[in-house]
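**Q** Pasting the sequence and the predicted model now:
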Amino acid sequence: MAGNLNEENGVLEQEFLELTEEIRQNINDIDKEAEIEINKVNNEIITLINEVKAKQISLKNEILSFNEEKKRNLCHALSDIKRLYEAKKKSNIPFLQSELSLIIKKLKYSSENLMRKKKIFDRSEILDHFEIGKLNTPFFEKPIENHSIELNEKPGKVISNRHGFYNIQNKNKIVNLETQEIIIWTENKIYDISTTYDNGLSYLQFTENHYVIQLLSKDNYGKTKYVLPRNAVNPNEAGFAVLKDDIIINDMNKLLVFSKETSNIVNAWKYDREISNLSNRLQGNILYQFSGSSLFVFKDDEFATQNVSKSEKESYSIYYDVIENLKKGKILFCNSKNIVFVGANNQNGISLDKDKLFPAEKLLDYRITKTEIIFCLINQTDEFTIKFKHFPIECNF
């Protein structure tokens, strides 16, 4: 026992020494890194100065060349006018005098235009917004834990609740992705899965005449069943959401609201635009839906469209741009290009460039615990491998 304790103390001391040495080395490297970046700025300025000087010489030569040509042309015009005027004075022939007067008049007009012709320097509007470059913060944050699993089929839709990440496998099983535990195995096809307003797990099936929604209990074992009259919803595009008093069924054209108490449709809306790959996400009793650049919200029996604006930031941080937003109560959607934050009394969605946060990966879902946020991702070039990246919920740097 004493031997094991001494070994553990030895390991801790070695880790401490390695960490302190790494920090000291990093402190020593900070000034070197700053010098490297400052040299980059200086080199860029020298390059710009050389380019500006070259442009200065080019403009100067263009002005001088233009003015030399103008002087030559005016000198020729002056000589021609003198010669024509002398010829007119010496001529006694009325017709020739008339022709010479006409030529002189035309030459005068040309000379006046030539005298007005100038080269004037116009300041470039680019100088109003001139920048030699920007200081960005390259992506530097690493997860505290990182592991992956291999699947036999592409995962499709992934959702999460307090217990884990889930997806549909073989069209009739719901599996906990992290533990590979089979939660539900049915004879009939499962068309969709969703978390509920109270963060439970539910799934959608179809019969010939009905929608069947099964709600799992908090331990994922007991079930509550709702059977609703089937309407003209495309099963292959179907999505759903379980609210406190209602159940929503939707496809890419319409949204139907059913009362849990009566199983009747109590409201219905058609989407006001063409949509595809619609994603549903609940925040308490509010349903958010996202498709491409379109955001829809069902709240307090009202259905509305919200705008999505693009973030103008050049660089992003997992902590400051993702985790902090999630801690504020916002939720996020992700597609192949963007991450969109909505909720927490935010009137509009904010879109971030996904590749600046998760390059070459697609965020399938995320899960928040008391101490960490876990991101479930898939590699865009290997859709059978799922990665789980754990980040601490609190971090100071």
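**A** Here it is on my side, so go on. Numbers count the residues shown, from 1 in each chain.
**Q** tell me the contacts of Glu372?
**A** Residues in contact with Glu372 (Cβ atoms under 8 Å, 6 or more residues apart in numbering) are 144, 390-393. Just so you know, the C-beta spots here come from the backbone N, C-alpha and C atoms, and that holds for glycine as well.
**Q** which among these gets closest to Gln56?
**A** Relative to Gln56, the closest of the contacts of Glu372 is Phe391; by Cβ to Cβ it sits at 51.8 Å.
**Q** Could you tell me which strands the strand or helix carrying the closest one is paired with, and in which direction each runs?
**A** Per DSSP states H and E, Phe391 falls inside strand 382-392. Take DSSP bridges as the rule and strand 382-392 pairs in its sheet with strand 145-150 (antiparallel), strand 372-379 (antiparallel).
**Q** Quick one: distance of the shortest one to the chain centre.
**A** Distance of strand 145-150 from the chain centroid (Cα atoms, centre = their mean, to the nearest Å) equals 25 Å.
**Q** and Glu394, what is it in contact with?
**A** No contacts exist for Glu394 under Cβ under 8 Å, 6+ apart.
**Q** Phi, psi for it please.
**A** Per-residue torsions, Glu394: phi -120, psi 130 (degrees, to the nearest 10).
**Q** try Phe298
**A** According to degrees, to the nearest 10, Phe298 has phi -110, psi 120.
**Q** does it really touch Leu255, like I thought?
**A** Yes - counting by Cβ atoms under 8 Å, Phe298 touches Leu255, with 7.1 Å between them.
**Q** Find the residues that touch each one of these two.
**A** Common neighbours of Phe298 and Leu255, counting by Cβ under 8 Å, 6+ apart, are 248, 289.
**Q** The stretch 251-397 of the chain: strands as residue ranges?
**A** With strands called from DSSP state E, counting those that start in this stretch, the stretch 251-397 of the chain shows them at 254-259, 265-270, 279-283, 286-291, 294-299, 302-306, 308-310, 331-334, 338-343, 346-353, 361-368, 372-379, 382-392.
**Q** Need the distance between the two termini of stretch 195-210.
**A** Criterion Cα to Cα, to the nearest Å; first-to-last residue distance in stretch 195-210 is 21 Å.
**Q** Which of the residues in that stretch are classified as buried?
**A** Going by neighbour count (16 or more other Cβ atoms under 10 Å), the buried part of stretch 195-210 is 195-197, 200-206.
**Q** Please apply the same query to stretch 371-390.
**A** 372-378, 386-390.
**Q** Now do the contacts for Ile374.
**A** Counting by Cβ under 8 Å, 6+ apart, Ile374 has contacts 165, 366-368, 388-391.
**Q** what about 7 Å?
**A** For Ile374, the contact set (Cβ atoms under 7 Å, 6 or more residues apart in numbering) comprises 366-367, 388, 390.
**Q** Could you list the residues in contact with stretch 77-85?
**A** Here stretch 77-85 has contacts from 100, 103-104, 107, 110-111, 114, using Cβ under 7 Å, 6+ apart.
**Q** make it 6 Å
**A** 100, 103-104, 107, 111 (Cβ atoms under 6 Å, 6 or more residues apart in numbering).
**Q** Quick check on those: which are buried?
**A** Of the contacts of stretch 77-85, these count as buried by 16+ other Cβ under 10 Å: 100, 104, 107, 111.
**Q** Tell me where the model's unsure across this protein.
**A** In the predicted model of the chain, residues 1-11, 127-128, 130, 132-140, 219-222, 344-347, 396-397 satisfy pLDDT under 70.
**Q** how does it divide into domains?
**A** With domains defined by automatic domain parsing, the chain comprises 2-129, 145-392.
**Q** Show me how far the last one is from its chain's centre.
**A** Computed by Cα atoms, centre = their mean, the separation of domain 145-392 from the middle of its chain amounts to 19 Å.
**Q** Report the central residue of this protein.
**A** Centrality entry for the chain: nearest residue to the mean C-alpha point is Asp353, 2.3 Å, by Cα atoms, centre = their mean.
**Q** can you count the residues close to the spatially closest residue to that one that is not a sequence neighbour?
**A** Sequence neighbours aside, Asn338 is the residue nearest to Asp353 in space, at 6.7 Å (criterion: Cβ to Cβ, 6 or more residues apart in numbering). Counted with other Cβ atoms under 10 Å, the neighbours of Asn338 add up to 21.
**Q** just Ile126 next, same as before
**A** There are 8 residues near Ile126, going by other Cβ under 10 Å.
**Q** Quick one: the helices in this protein, in order.
**A** For the chain, applying DSSP state H gives helices covering 2-90, 94-116, 324-327.
**Q** Adding distance to Ser160, write those out as a markdown table.
**A** A markdown table is the format used below for those (distance: least, Cβ to Cβ, whole Å):
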| stretch | distance to Ser160 |
| --- | --- |
| helix 2-90 | 33 |
| helix 94-116 | 75 |
| helix 324-327 | 12 |
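**Q** Looking at those helices, which is nearest to Lys260?
**A** Set against Lys260 and scored by Cβ to Cβ, those come closest in helix 324-327, at 29.3 Å.
**Q** Output the closest one as CSV, nothing but the C-alphas.
**A** The C-alpha trace of helix 324-327 is given here as CSV (Å, rounded to 0.1, in the frame of the first residue of the first chain):
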residue,chain,number,x,y,z
GLU,A,324,-21.0,30.9,-23.4
ASN,A,325,-24.0,31.1,-25.6
LEU,A,326,-25.2,27.7,-24.5
LYS,A,327,-24.7,28.7,-20.8
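**Q** re the thing from before, tell me which of the strands paired with strand 382-392 lies nearest to His210.
**A** Ranking those by proximity to His210 (Cβ to Cβ) places strand 372-379 first, at 32.0 Å.
**Q** a markdown table for the strands of the stretch 251-397 of the chain, including distance to Glu237?
**A** Output for these, formatted as a markdown table (distance: least, Cβ to Cβ, whole Å):
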| stretch | distance to Glu237 |
| --- | --- |
| strand 254-259 | 10 |
| strand 265-270 | 14 |
| strand 279-283 | 12 |
| strand 286-291 | 11 |
| strand 294-299 | 15 |
| strand 302-306 | 18 |
| strand 308-310 | 22 |
| strand 331-334 | 17 |
| strand 338-343 | 21 |
| strand 346-353 | 22 |
| strand 361-368 | 19 |
| strand 372-379 | 22 |
| strand 382-392 | 21 |
